[in-house]
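Peer 1: Sequence and predicted model, in that order:
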Amino acid sequence: MSDAVTRPVPTPSPALLASLDPLLREWLPRQRWFAGKGRPIAGFSLVAATELLPAGGKLGLYHLLVRVHQQLTPGHGAASAVPGDCYQLLIGAREALPPRLAPALIGHVTDGPLAGRTVYEALYDARPADVLLEALRTRASIGALRFDRDEGEDIRTGLVPRVGTAEQSNSSVVYGDTFILKLLRRVVPGVNPDLELPLALAREGCPRVPPPTGWLSAELAGESYVLGVLQPYLQGAADGWELALRELAKGEDFGAEARALGRATAEVHTALARALPTVTLGPPQLDVLVGGMTERLEAAVRAVPALRPYAPGLRSVFTALADLAAEGCTWTAQRIHGDLHLGQCLRSPSGQWWLIDFEGEPARPLAERRMPQPVARDIAGMLRSFDYAAHSVKPGVPGWADTCRAAYCSGYAEVTGRDPRTDPVLLRAHETDKAVYEVVYEARHRPDWLPVPLSAVRRLAAPQLT
Ligand SMILES: Nc1ncnc2c1ncn2[C@@H]1O[C@H](COP(=O)(O)OP(=O)(O)O)[C@@H](O)[C@H]1O
Ligand SMILES: O=P(O)(O)O[C@H]1O[C@H](CO)[C@@H](O[C@H]2O[C@H](CO)[C@@H](O)[C@H](O)[C@H]2O)[C@H](O)[C@H]1O
């Protein structure tokens, strides 16, 4: 029998959002997960609001979905503002913040229903984090929010929450080293691959991905928004990026781990190909694929002038793929990870590799992220990552990235029987597409890192000896 709890709640009035407006304008752009940096905020509109703990109590708790209206470019008037991305916020309201919550401060409210209260990022607070886990445990429906879980899984009570400290595109809470709840920040309606793919892999019995234990969604105007996923926490796991840097700093080889990562990637790809449809990419689909790569390159060249000298060489990488397609070559496409790099791979203390974060590149539209793609895209992501690691440590270790890249491809071939290097044109095109993405990503988020993908761009743009 279902133990689901349904609770209608008072809907907080738009006056709540109006009173938070000046605070959010200042606080949001400082959040790592806020995607609209650099464009002035013109205002906010409420997509949904749910009171999770009543404001009258010592601690008020609001779940908000807020659309941010931003000017298209700085310098244009407020009139040019367009409704932009929708963000998930969990806002706590207290009379005063205890010192331990100081880093979570959003600000002091001066008017409206919360006048005189201090509002803060409630994920940092144990009680609000408990409210979320309890709702998942009891499969609660609260206003538009649906909390659910795998019926076969039990969620214990009394797990002590703590907010994740990693620099993330989203936000996570770890519960007693047993579960991790990832709350998506920028949310869109539709099936989210961060839940869809791990669920599909769990059904296939793939042991390389933590199976979702619970999930949070919102039903709004006939559309469903995935807002969060709860999964087992891999206690004591280290991510591939940390491990690679550690080995590099000691001058150690990472080939054996790279090979194991190649095998893990191949296991995930094989299970995804079994679970979800695959398609053959013929000339029309390859036109779209190459067209997308070329468009992204042109946009990147406009955004990052340092790319300009390399543009002709990079274009020719994509033309080479188009030429093969014109000669009648076809490739298989399937669902893939979509944003694979060393930071998305966790090694548990037993030495097993796990892949996490199936959201895809957050900046791309959902429909595009859910399209079948050549596995070369994920493989290229990992190859780029070995290169990133090698360039992040001074002095470098000569040949370190090449050894890892070769070992990773060999590991992949051990499972699938197909070495990615036997498709050099496809692989190079994907590596180029990824390096171009990274140039834009670094220019926007971490300008000091720009030389890392630029060095790859230089290599990839150089004429090929045939
Ligand atoms: N199942 C897990 N077990 C242990 N740590 C995890 C798990 N899932 C995620 N993490 C940690 O949380 C971080 C962020 O998770 P991720 O899914 O990559 O979120 P984001 O989309 O915000 O980047 C990871 O880098 C990892 O350190
Ligand atoms: O936040 P996500 O993990 O979804 O991914 C974004 O941020 C990554 C950086 O944190 C970025 O990855 C790039 O830097 C990594 C080292 O920090 C490196 O291992 C990757 O190969 C490189 O692409 C990723 O591209 C971006 O989508």
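Peer 2: Happy to help now that I have it. Ligands and ions are numbered 1, 2, ... in the order given.
Peer 1: Isn't residue 112 up against residue 21?
Peer 2: No. If you go by C-beta atoms under 8 Å, residue 112 and residue 21 don't touch, sitting 9.4 Å apart. Placement of C-beta: from N, CA and C, glycine included.
Peer 1: where does the stretch 51-200 of the chain dip in pLDDT?
Peer 2: 73-81, 167 (pLDDT under 70).
Peer 1: So which bits of it are right by ligand 1?
Peer 2: The stretch 51-200 of the chain has residues 164, 166, 168, 169, 170, 172, 180, 182 near ligand 1, with proximity defined as C-beta under 6 Å from any ligand atom.
Peer 1: let's go with 8 Å and repeat that
Peer 2: 164, 166, 168-172, 174, 180, 182, 184-185, 194 (C-beta under 8 Å from any ligand atom).
Peer 1: And for the residue most central in space within the chain, nearest residue in space, chain neighbours not counted?
Peer 2: Centroid check for the chain by C-alpha atoms, centre = their mean gives residue 359 as the closest residue, at 4.7 Å. Leaving aside its sequence neighbours, residue 359 sits nearest to residue 194 (C-beta to C-beta, 6 or more residues apart in numbering; 4.2 Å).
Peer 1: Over to residue 112?
Peer 2: residue 19 (2.8 Å).
Peer 1: so what's the one you found up against?
Peer 2: Taking C-beta atoms under 8 Å, 6 or more residues apart in numbering, we find residue 19 in contact with 109, 110, 111, 112, 113, 114, 115.
Peer 1: For residue 462, see how far away it is.
Peer 2: Computed with C-beta to C-beta, to the nearest Å, the distance linking residue 19 and residue 462 is 57 Å.
Peer 1: Likewise for residue 416?
Peer 2: 30 Å.
Peer 1: okay, the two: which has more neighbours?
Peer 2: It is residue 416, of residue 416 and residue 462, that has more neighbours when counted by other C-beta atoms under 10 Å, with 18 against 10.
Peer 1: Give me the phi and psi for that one.
Peer 2: Note on residue 416: backbone dihedrals following degrees, to the nearest 10 are phi -100, psi -20.
Peer 1: which SSE is the nearest residue to it once chain neighbours are set aside in?
Peer 2: Distances taken as C-beta to C-beta, 6+ apart place residue 266 nearest to residue 416, at 4.8 Å, with adjacent residues excluded. Using DSSP states H and E, residue 266 maps to helix 255-275.
Peer 1: same check, this time on residue 45
Peer 2: According to DSSP H and E, residue 45 maps onto strand 41-53.
Peer 1: strands paired with that strand, and their directions?
Peer 2: Strand pairing for strand 41-53, using DSSP bridges, gives strand 59-70 (antiparallel).
Peer 1: got the contact list for whatever residue of the stretch 351-466 of the chain ends up closest to ligand 1?
Peer 2: Here the residue of the stretch 351-466 of the chain nearest ligand 1 is residue 357; by C-beta to the nearest ligand atom that distance is 3.4 Å. Taking C-beta under 8 Å, 6+ apart as the criterion, residue 357 is in contact with 194, 339, 344.
Peer 1: Residue 28 too?
Peer 2: Neighbour list for residue 28: 34, 41, 68, 87 [criterion: C-beta under 8 Å, 6+ apart].
Peer 1: so what pLDDT did residue 3 get?
Peer 2: Looking at residue 3, its pLDDT reads 50.
Peer 1: my bad, residue 15
Peer 2: Looking at residue 15, its pLDDT stands at 87.
Peer 1: Burial check on the residue nearest to it when sequence neighbours are not counted, number of neighbours?
Peer 2: Leaving aside its sequence neighbours, residue 15 sits nearest to residue 112 (C-beta to C-beta, 6+ apart; 4.8 Å). By the measure other C-beta under 10 Å, the count of residues near residue 112 is 16.
Peer 1: again with residue 455
Peer 2: Residue 455, neighbours per other C-beta under 10 Å, totals 15.
Peer 1: contacting residues for it?
Peer 2: Taking C-beta under 8 Å, 6+ apart, one finds 387, 391 in contact with residue 455.
Peer 1: right, is stretch 247-257 up against ligand 2?
Peer 2: No. Judged by C-beta under 8 Å from any ligand atom, stretch 247-257 stays clear of ligand 2, getting no closer than 12.4 Å.
Peer 1: how far out from the middle of the chain is that stretch?
Peer 2: Averaging C-alpha positions (C-alpha atoms, centre = their mean, to the nearest Å) puts stretch 247-257 27 Å from its chain's average.
Peer 1: Using the three-state scheme, assign the residue in the stretch 51-200 of the chain positioned nearest to ligand 2.
Peer 2: Minimum separation of the stretch 51-200 of the chain from ligand 2 (C-beta to the nearest ligand atom) falls at residue 169, amounting to 3.9 Å. Look at residue 169: counting by DSSP: H, G, I helix; E, B strand; the rest coil, its state is coil.
Peer 1: what do you get for the one 4 residues further on?
Peer 2: The three-state assignment at residue 173 reads strand, by three-state DSSP.
Peer 1: For residue 180, name its beta-bridge partners.
Peer 2: With DSSP bridges applied, residue 180 shows beta-bridge pairing to residue 174, residue 231.
Peer 1: Residues of the stretch 1-150 of the chain that sit close to ligand 2?
Peer 2: Residues of the stretch 1-150 of the chain lying near ligand 2 (C-beta under 8 Å from any ligand atom): none found.
Peer 1: Show me where the stretch 1-150 of the chain has its helices.
Peer 2: Per DSSP state H, counting those that start in this stretch, the stretch 1-150 of the chain carries helices over the ranges 14-27, 126-137.
Peer 1: Roughly how far does residue 304 sit from residue 447?
Peer 2: 10 Å.
Peer 1: Between the two, which is the more surrounded one?
Peer 2: residue 304 (19 against 9).
Peer 1: what residues are up against the residue nearest to the more buried one when sequence neighbours are not counted?
Peer 2: Spatial nearest neighbour of residue 304, excluding adjacent residues (C-beta to C-beta, 6+ apart): residue 443 at 4.6 Å. Going by C-beta under 8 Å, 6+ apart, residue 443 touches 303, 304, 306, 450.
Peer 1: With adjacent residues omitted, what lies nearest to the last one?
Peer 2: Excluding the flanking residues, the one nearest residue 450 by C-beta to C-beta, 6+ apart is residue 442, at 4.6 Å.
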